[in-house]
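Enquirer: the amino acid sequence is not available; the structure is as follows:
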């Protein structure tokens, strides 16, 4: 694993988000699911945004979805990403009904990127401590 010199995610509340990152390290995508109304939600928070129940659990997600929207980054705000342009910054509508923001990989940017294209999660082990979920065209 080469040295990764790009910014890594900041955890606003590690007690809430660490299970997500632990699952990513195992190459699993997990989502919070409310124990009261059974809805999945994203991002993790103290209570379900649908019914306000504080009771929820992490559940394994399918890792499949569709491209809801995207933008092509040609001039990154952080110079650490200069060598990556152009790249697609995407909002993915997961089968579980939630939308997650990530990068698209393994696709020609911009010509290969299409709204509603089917996607699947893949994982990039960027450091010993961090694994990042990305999305690629579904096989």
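Expert: Done, it's in. The model shown is predicted, which means the values in this text are computed figures rather than measured ones. Numbers count the residues shown, from 1 in each chain.
Enquirer: got the contact list for the residue positioned nearest the centre of the chain?
Expert: Central residue of the chain (CA atoms, centre = their mean): residue 102, 4.5 Å from the mean position. Residue 102 sits next to 90, 92, 132, 133, 134, 135 when contact means CB atoms under 8 Å, 6 or more residues apart in numbering. The way it works is simple: take the backbone N, C-alpha and C, and place the C-beta from them, glycine included.
Enquirer: looks to me like it is in a strand.
Expert: Yes - assessed with DSSP: H, G, I helix; E, B strand; the rest coil, residue 102 lies in a strand.
Enquirer: from the contacts of residue 102, pick the one nearest residue 59.
Expert: Nearest to residue 59 out of these is residue 133 (CB to CB; 15.3 Å).
Enquirer: outside of whatever helix or strand the closest one lives in, which residues touch it?
Expert: Using DSSP states H and E, the element containing residue 133 is strand 131-137. Residues outside strand 131-137 that contact it (CB under 8 Å, 6+ apart) are 9, 21, 24-25, 27, 29, 65, 67, 90, 92, 100, 102-107, 112, 117-126.
Enquirer: low-confidence ranges in this protein?
Expert: Judged by pLDDT under 70, the chain has its weakly predicted residues at 1-2.
Enquirer: okay, helices next: where are they in it?
Expert: For the chain, the helices defined by DSSP state H occupy 14-25.
Enquirer: quick one, longest strand in it?
Expert: Using DSSP state E, we find that the single longest strand of the chain is strand 64-73.
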